[in-house]
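Participant: attaching a predicted model along with its sequence, questions to come.
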Amino acid sequence: MLKRSTVKWLVLVAVLASLLVLPVSGSNRKAGAVATNEYESLRIFTDVLGIIQENYTDEVDINDLVYDAVKGMLKGLDPHSSFLTPDDYREMQIDTKGAFGGVGIEIGVRDGMLTVVSPIEDTPAYKAGVKAKDIIVKIGDKPTKDLSLSDAVKLIRGKKGTPVTLWIMRKGFNAPKPFEIVRDIIKIKSVKWRELEDGFGYVRITQFQEKTTDDLEKALTELGSRSGKLKGLVLDLRNNPGGLLPQAISVANKFISSGVIVSTRGRIRGQTMEFTADRFGTHPYYPMVVLVNEGSASASEIVAGALQDHKRAVILGTPTFGKGSVQTIIPLADGSAVRITTSKYYTPSGRSIQAKGITPDIIVGTSVGNHLKEKDLAGHLEEEAEPSDEEEQRIIVKEEKVPEDVEDIQLKRALDYLKSWLIFQETMKEAI
């Protein structure tokens, strides 16, 4: 496995699903639960803090020292646990609402370099020609070497109408080239839809935000889901990085009327939970194909896994990202917060998503390598061993390679399957 010091940060989309927001204060912690050797470790920490304050060549802000120490502590756990400064925490809360100032890119650190994971469609960066795998060597006059992701975010974001220059290096460039991009208010429309052909609808969920379920209901209503007009649906979750867990559950509930949607298992009792579907708001049955790829992560994997296990939809595409851990957001007294991994996700049948992802029923295409995957992240939680027979049986069609000049073969293949299934049903009715 390649060792990549990678912590994925979404510049203009919510990072990944968080399950809980819990208030925590120091007075609630029981001192008696802390072992003596742990007190000794804390003494080392305070000793080092004192040595820095007394001996370091320049005066250092104690708050900065503590923040840096806490960041390192959480970073050492796994790629998704992190410390959020008050500014970072406010930005994260803004992200989930789906509207903020910036250029429209998702970035991460890959092999020590600030790298574009993916440009977001119809944003200034996308229109300027920024591409996945582009290496950002400078933001304005600021070199990105040793620049933290949070600091990079602050430099790239800004008020609408203000310019920012990204110096980009990519394969084929002899030297970094400047891309001057004018910031805009990036409104991430989480649900897009259209009619593919008469009776066949297409809905794309780009991420799970506060209003995703409401927008999905509007889309399905427009397509004729409840009126009987809709004969088949393609639900596109490709390149959906996740978002809010409650929204993923309610989206799945639109198509599943009973049973488990997702469960979580953690080290302590309160982290083990089960979320179930109900009939309220569930749409009528019609054939469905769900599109996924290596960019489908977290909440989108929960939806795909639930629909697959309940046999409500056929999953088509390539194996997903594999982000199957739950992050709990714990606010702190000064406005900062801790994001810490507390449990793992499991599909209705008990499959773990972690570092493995969802294997499609029908594999069409191969990974194009533009996305980092959970198993590529340094320090990721390992996947759980599971029998492989069931997964192998899910593979109906396997196409190792799709020609680059073919326009969205996965969507075309999904529509073909829906139409074929409708023809098959009609034929069976006549035969009976």
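Facilitator: Great, that's in hand.

Participant: show me where the stretch 51-200 of the chain has strands.
Facilitator: 82-84, 99-102, 105-110, 113-119, 135-139, 142-143, 163-169, 177-182, 184-187, 191-197, 200-205 (DSSP state E, counting those that start in this stretch).

Participant: looking at this protein, which helix or strand is least sure?
Facilitator: The helix or strand of the chain with the lowest confidence, counting by mean pLDDT, DSSP states H and E, is strand 18-21 at a mean of 40.

Participant: so, low pLDDT: which residues of the protein?
Facilitator: For the chain, the stretches with pLDDT under 70 are 1-36, 94-99, 366-407, 429-432.

Participant: ok, longest strand in it?
Facilitator: Using DSSP state E to define each element, the chain has its longest strand at strand 337-346.

Participant: following that one, which helix or strand shows up next?
Facilitator: Using DSSP states H and E, the helix or strand that follows strand 337-346 in sequence is strand 362-364.

Participant: by contact count, what packs against that following strand?
Facilitator: Counting contacts by 3 or more C-beta pairs under 8 Å, 6 or more residues apart in numbering; DSSP states H and E, strand 362-364 packs against strand 314-317, strand 398-399, helix 409-431. (C-beta placed from N, C-alpha, C; glycine too.)

Participant: given it, what are its sheet partners and their directions?
Facilitator: strand 314-317 (parallel), strand 398-399 (parallel) (DSSP bridges).

Participant: quick check: which of the helices and strands packed on strand 362-364 is buried the most?
Facilitator: Per-stretch averages of neighbours, counted by mean count of other C-beta atoms under 10 Å, single out strand 314-317 among the helices and strands packed on strand 362-364, with a mean of 24.

Participant: circling back: looking at the helices and strands packed on strand 362-364, spot the one closest to Leu220.
Facilitator: Across these, Leu220 has its closest neighbour in helix 409-431 (15.4 Å, C-beta to C-beta).

Participant: helices or strands next to that closest one in the packing?
Facilitator: Partner elements for helix 409-431 (3+ C-beta pairs under 8 Å, 6+ apart): strand 191-197, strand 200-205, strand 232-236, strand 288-292, strand 314-317, strand 362-364.

Participant: okay if I get these as JSON lines plus distance to Ile52?
Facilitator: Output for the helices and strands packed on helix 409-431, formatted as JSON lines (distance: least, C-beta to C-beta, whole Å):
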{"stretch": "strand 191-197", "distance to Ile52": "50"}
{"stretch": "strand 200-205", "distance to Ile52": "48"}
{"stretch": "strand 232-236", "distance to Ile52": "52"}
{"stretch": "strand 288-292", "distance to Ile52": "48"}
{"stretch": "strand 314-317", "distance to Ile52": "51"}
{"stretch": "strand 362-364", "distance to Ile52": "54"}
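
Participant: among these, which comes closest to Gly108?
Facilitator: Here strand 288-292 is closest among the helices and strands packed on helix 409-431 (C-beta to C-beta), at 20.1 Å.

Participant: continuing past the closest one, what's the next helix or strand?
Facilitator: helix 299-309.

Participant: pull the contacting residues for Pro319.
Facilitator: 292, 294, 356-360, 363, 367 (C-beta atoms under 8 Å, 6 or more residues apart in numbering).

Participant: ugh, wrong one, Arg226
Facilitator: With C-beta under 8 Å, 6+ apart, Arg226 has these contacts: 220, 283-284.

Participant: the nearest residue in space to Leu291 that is not next to it in sequence bridge partners, please.
Facilitator: Leaving out its chain neighbours, the residue that sits closest to Leu291 by C-beta to C-beta, 6 or more residues apart in numbering is Asp236, at 4.6 Å. Beta-bridge partners recorded for Asp236 (DSSP bridges): Arg204, Leu291.

Participant: mind checking how far Asp236 is from Glu222?
Facilitator: Asp236 sits 16 Å away from Glu222, going by C-beta to C-beta, to the nearest Å.

Participant: neighbour-wise, which of the two wins?
Facilitator: Asp236 (25 against 14; other C-beta atoms under 10 Å).

Participant: just checking, the more buried one touches Met288?
Facilitator: No. Counting by C-beta atoms under 8 Å, Asp236 sits too far from Met288 to count as a contact (11.3 Å).

Participant: which secondary structure state does the spatially most central residue of the chain sit in?
Facilitator: The structure's the chain has its C-alpha centroid closest to Pro241; by C-alpha atoms, centre = their mean the separation is 2.5 Å. State at Pro241, reduced to three classes by DSSP: H, G, I helix; E, B strand; the rest coil: coil.

Participant: look up phi and psi at it.
Facilitator: Main-chain torsions, Pro241, degrees, to the nearest 10: phi -80, psi -10.

Participant: quick check: it touching Ile120?
Facilitator: No. Pro241 is beyond contact range of Ile120, at 10.2 Å (criterion: C-beta under 8 Å).

Participant: what about the closest residue to the residue nearest to the centre of the chain other than its chain neighbours, how many residues nearby?
Facilitator: Nearest residue to Pro241 in three dimensions, chain neighbours excluded: Ala297, at 5.1 Å (C-beta to C-beta, 6+ apart). Counted with other C-beta under 10 Å, the neighbours of Ala297 add up to 31.

Participant: how close does Ala297 sit to Pro79?
Facilitator: 12 Å.
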